[in-house]
Structures are given as structure tokens and as C-alpha cells.
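Undergrad: okay, here's the prediction I keep looking at, along with the sequence it came from:
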Amino acid sequence: MYGLKGLERLWVYNANNRNCDDPVDPELVAGLQAALPGALINSTSYSTLGGWRTHERYYVVFNMLHGAVSWLPWDAQGLVPRYN
């Protein structure tokens with residue numbers, strides 16, 4: 001992952017303990033941020049929080065990951081008919 005220099009967003013989260021008592025190791029996050037200076041790294045938000053669903057490409061990725069389409073341009077808008 002450290003070599004993915006074009007990565008724009010990365011979500012890392014400790015799903016085994018959904019609270020602040022056992023966060024992702026700060027040294028790991030710092031290492032990732034140093035290796036990926038252009039990436040927004042979120043290590044504190046639950047998967048449906050942190051603004052991921054408000055990103056302009058959310059629906060493009062959603063549609064591709066749910067098998068509705070195999071490819072969409074980054075500027076595609078909204079859900080494909082299967083999910084409307």
C-alpha cells in the first residue's frame with residue numbers, strides 16, 4: 001500500500017473495537033501519511049461516516065462495487081436504475 005502514490009483517499013479503522021479505547025496505531029497512520037502525502041487518510045471514522053458518502057465519486061464506486069456496471073467515468077452522477 002505504501003507504493004500507491006496516486007491514492008487519493010484511504011480509510012483504515014479498527015473494526016474489532018468500535019471506540020476510542022483501541023484506535024489504529026498512530027505510528028501506522030503517520031507512516032502511511034508520510035508515504036502517501038497526497039492521500040486523505042481517515043483512521044477515526046466508522047465506515048459510513050467521515051464524509052465518504054458525500055464525495056463526488058461515491059456513486060461511481062458504489063455502482064461498480066455492487067456489480068451494477070463494470071465501469072463508469074468519474075464524473076457520472078447518481079445511482080444506476082437497478083438501485084433507484
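TA: Yep, that arrived.

Undergrad: please count neighbours and contacts with C-alpha atoms only from this point.
TA: Will do.

Undergrad: domains in this structure, by residue range?
TA: 1-50, 55-84 (automatic domain parsing).

Undergrad: any chance of a markdown table for those, columns mean neighbour count and mean pLDDT?
TA: Shown next, in a markdown table, are those (neighbours: other CA atoms under 10 Å; pLDDT from 0 to 100):
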| stretch | mean neighbour count | mean pLDDT |
| --- | --- | --- |
| domain 1-50 | 13 | 84 |
| domain 55-84 | 13 | 75 |
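
Undergrad: using PDB, list the CA coordinates for the strand or helix carrying L28.
TA: Per DSSP states H and E, L28 falls inside helix 26-35. What follows is helix 26-35, C-alpha atoms only, in PDB (Å, rounded to 0.1, in the frame of the first residue of the first chain):
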ATOM      1  CA  PRO A  26      -0.900   6.400  15.300                       C
ATOM      2  CA  GLU A  27       2.600   5.300  14.100                       C
ATOM      3  CA  LEU A  28       1.000   3.300  11.300                       C
ATOM      4  CA  VAL A  29      -1.200   6.300  10.300                       C
ATOM      5  CA  ALA A  30       1.900   8.600  10.400                       C
ATOM      6  CA  GLY A  31       3.900   6.100   8.200                       C
ATOM      7  CA  LEU A  32       1.000   5.900   5.700                       C
ATOM      8  CA  GLN A  33       0.700   9.700   5.600                       C
ATOM      9  CA  ALA A  34       4.400  10.100   5.100                       C
ATOM     10  CA  ALA A  35       4.400   7.500   2.200                       C
END
